[in-house]
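Chemist: just need the structure, nothing else, for what follows:
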Amino acid sequence: MAHSSASPLSIDYLNSAKKQFAYYKLLGEQTINQLPDEALFWQYNAESNSISLIVKHLWGNMLSRWTDFLTTDGEKDWRNRDSEFEDDSRTRAELMDRWHAGWDCLLSTLDSLQGEDLQKEIFIRNMGHSVVEAINRQLAHYPYHVGQIVFIGKMALDSDWTSLSIPRGNSKNYNANKFAQPKRKEHFTDELLR
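Modeler: Sure thing, here's the model as predicted:
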């Protein structure tokens, strides 16, 4: 009897990674959707990044890392990382086109992976990574930048901010509601990181 080289754990890992990426994509979108256009391009100072620049950097990284993921180096020769921090988009539509292009590249690549692919080696800047290491690397990198987007959004909106988490002072009620429900498997739209 032939056995697949993919373990149930491999499939669980891929599903978990997809769920986590989708959750952070959602957090970024919920922030961007709250903001007026001018807040998307605001910079605290010359050394800080606007939301637009962060999105441009995520877009460049995602296209580079996830295009031909298993077969070419993750740092493509056509990527110009330095230009990702020079803003050239001035509309919400341009920003969102980049946002969706990057995430679509990432998520479609993850959808194409099979459990046995986790055993393969890929390269980023000529340095070998297991597929799991490469995914984990981006699971640390992208939420870092989404957190920056959320932080800028909270600064821009101040008291008009709609919480993406448990609102201040509501933890007790939130937990009471959760513990009043039967145990169940959580989905990414639930409050995963509260």
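Chemist: would you list every one of the helices in the protein?
Modeler: For the chain, applying DSSP state H gives helices covering 8-34, 51-66, 92-112, 131-157, 171-179.
Chemist: end to end, how far does stretch 165-177 reach?
Modeler: Stretch 165-177 has its terminal residues 15 Å apart, counting by CA to CA, to the nearest Å.
Chemist: so how far is that stretch off the chain centroid?
Modeler: Remark: stretch 165-177 is offset 25 Å from the chain centroid, using CA atoms, centre = their mean, to the nearest Å.
Chemist: so where is this structure shaky, pLDDT-wise?
Modeler: 1-6, 186-194 (pLDDT under 70).
Chemist: how about 90 then?
Modeler: Scanning the chain for pLDDT under 90 picks out 1-10, 46, 86-90, 165-170, 172-194.
Chemist: list the contacts for the closest residue to K18 other than its chain neighbours?
Modeler: Nearest residue to K18, sequence neighbours excluded (CB to CB, 6 or more residues apart in numbering): L110, at 5.2 Å. Heads up, the C-betas are built off the backbone N, CA and C, glycines and all. By CB atoms under 8 Å, 6 or more residues apart in numbering, L110 lies in contact with L14, A17, K18, F21, I135.
Chemist: how near is A22 to L110?
Modeler: Distance, A22 to L110, by CB to CB, to the nearest Å: 10 Å.
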